[in-house]
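Visitor: could you work out the structure for the sequence below:
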Amino acid sequence: MFDIGFWELFFLFLLSLFVLGPEKLPQVASFLGKQFGRVQRYFNSVKSQIDDEVDSTDIKSILKDQELSISELQQRIKEASDEPKSDKSK
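Guide: Numbering: from 1, shown residues only. A predicted model of the protein is given here:
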């Protein structure tokens, strides 16, 4: 997700250890981990709500109707493009 390699992560750890100190580093890491978990759960909740709305039967029926209309139009276009070819052969 962030494309952070081992050395970048190691450097961030050393920097945070130097800035925060060994006493506060575990507390800050725990706090950040909890906040990250909260944000992740929130985004998963929003994603599942969006998926539920997309999967509703109303949307599926509208989509199916549109697909049928598109296939009918494609067939008409194909028939119309074939007509001039048959006229030229006469």
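Visitor: now the lengthiest helix in the chain, how far from the centre of its chain.
Guide: In the chain, with assignment by DSSP state H, the single longest helix is helix 6-54. How far helix 6-54 lies from its chain's middle: 21 Å, per Cα atoms, centre = their mean, to the nearest Å.
Visitor: so what does it touch, helix or strand wise?
Guide: Packing partners of helix 6-54 (3 or more Cβ pairs under 8 Å, 6 or more residues apart in numbering; DSSP states H and E): none among the helices and strands. In short, each C-beta sits where N, CA and C put it, glycine included.
Visitor: after it, next one along is what?
Guide: Using DSSP states H and E, the helix or strand that follows helix 6-54 in sequence is helix 57-89.
Visitor: and the angle for that following helix with helix 6-54?
Guide: 90 degrees (axes from the mean of the first three to the mean of the last three Cα atoms, to 10 degrees).
Visitor: report how many residues lie close to Lys24.
Guide: 13 (other Cβ atoms under 10 Å).
Visitor: please read the previous query as pertaining to Asn44.
Guide: 10.
Visitor: same question for Leu25.
Guide: When neighbours are counted by other Cβ under 10 Å, Leu25 comes out with 15.
Visitor: repeat that for Leu9.
Guide: 11.
Visitor: got it, and Phe11?
Guide: Neighbours around Phe11, by other Cβ under 10 Å: 12.
Visitor: returning to what we had before: give me the mean pLDDT for the longest helix of the chain.
Guide: Mean pLDDT, helix 6-54: 92.
Visitor: can you pull the contacts of the residue nearest the centre of the chain?
Guide: The chain has Lys47 as the residue nearest its centroid, 8.7 Å off, counting by Cα atoms, centre = their mean. Not one residue lies near Lys47 by Cβ atoms under 8 Å, 6 or more residues apart in numbering.
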